[in-house]
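A.B. asks: test case, fold it:
(chains A and B)
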Amino acid sequence: NAGVTQTPKFRVLKTGQSMTLLCAQDMNHEYMYWYRQDPGMGLRLIHYSVGEGTTAKGEVPDGYNVSRLKKQNFLLGLESAAPSQTSVYFCASTSYNEQFFGPGTRLTVL
Amino acid sequence: GIQVEQSPPDLILQEGANSTLRCNFSDSVNNLQWFHQNPWGQLINLFYIPSGTKQNGRLSATTVATERYSLLYISSSQTTDSGVYFCAVEPTAGTASKLTFGTGTRLQVTL
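C.D. replies: Below you'll find the predicted structure:
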């Protein structure tokens, strides 16, 4: 039981490049989330999903897109990366109450 | 939206000391969690505690929902307790179990 996993762990992009972050969970959770964490701050919600085929915007959705084609996977895409998107990205999942987090992806946009 | 305030923002302790971290929130909640972010960045679940008291080893937590605060107690602190402690809540009126995080308490435990 791996819990929540994220791929990749680190990535460096140039401004304007695109990339996709993958989150996978093996706990059969319905809900999944993408957060970002900036220095000295708590986590802020980017997008979330309440089930396969559904997505919704969180607090800071601009510049990101998501997809949930399979229940166990939640993808976060950056179509045209900007330096303001330099951050640590966390994925989480829950069945209803406790959220469980992946190890994070550290993204730097130059 | 709901506001979450944590105090103190920073705390330095000697190993063996006790501490209390506080989380105040501005609206009624149906979900409150405490997390520890270790120095490697990993977020570890400590407690799911929308109300009442729980204990797990040297850690315990109490949430007084009617007064909109939660406390995390760390007893006999160890250097491995260092890191950032986050409180996160979901308002009662919220949907999809979305959490709002405080800005954390950074704890450093020294020898």
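
A.B. asks: beta partners of residue A:76?
C.D. replies: With DSSP bridges applied, residue A:76 shows beta-bridge pairing to residue A:21, residue A:66.

A.B. asks: quick one, what contacts whatever residue of chain B ends up closest to chain A?
C.D. replies: Residue nearest to chain A within chain B (CB to the nearest CB): residue B:101, separated by 3.2 Å. Placement of C-beta: from N, CA and C, glycine included. When the contact criterion is CB atoms under 8 Å, 6 or more residues apart in numbering or on different chains, the partners of residue B:101 are A:42, A:43, A:44, B:4, B:86, B:87, B:88.

A.B. asks: now with 10 Å?
C.D. replies: Neighbouring residues of residue B:101 by CB atoms under 10 Å, 6 or more residues apart in numbering or on different chains: A:35, A:37, A:41-45, B:4, B:6, B:33, B:35, B:86-89.

A.B. asks: who wins on neighbours among these?
C.D. replies: Highest neighbour count within the contacts of residue B:101, by other CB atoms under 10 Å in any protein chain shown: residue B:87, with 33 neighbours.

A.B. asks: the nearest residue to residue A:107 once chain neighbours are set aside and chain B, how far apart?
C.D. replies: Excluding the flanking residues, the one nearest residue A:107 by CB to CB, 6 or more residues apart in numbering or on different chains is residue A:11, at 5.2 Å. Separation of residue A:11 from chain B (CB to the nearest CB, to the nearest Å): 15 Å.

A.B. asks: report the buried residues of whatever helix or strand residue A:11 lives in.
C.D. replies: Assigned by DSSP states H and E, residue A:11 belongs to strand A:10-13. Under the neighbour-count criterion of 16 or more other CB atoms under 10 Å in any protein chain shown, strand A:10-13 has A:11, A:13 buried.

A.B. asks: could you measure the residue in chain A that chain B sits nearest to against residue A:88, distance?
C.D. replies: Residue of chain A nearest chain B, by CB to the nearest CB: residue A:42 (3.2 Å). Plainly put, residue A:42 is 12 Å away from residue A:88 if you go by CB to CB, to the nearest Å.

A.B. asks: give me the common contacts of those two.
C.D. replies: Shared contacts of residue A:42 and residue A:88, defined by CB under 10 Å, 6+ apart, are found at residue A:35.

A.B. asks: beta partners of the residue sitting nearest the centre point of chain A?
C.D. replies: For chain A, residue A:34 is the residue whose C-alpha lies nearest the centre (CA atoms, centre = their mean; 3.3 Å). Note on residue A:34: beta-bridge partners residue A:47, residue A:91, judged by DSSP bridges.

A.B. asks: per-residue confidence at it?
C.D. replies: For residue A:34, the pLDDT comes out at 98.

A.B. asks: what's the answer for the one 4 residues further on, then?
C.D. replies: Per-residue pLDDT puts residue A:38 at 94.

A.B. asks: cool, residue B:6 as well?
C.D. replies: For residue B:6, pLDDT reads 97.
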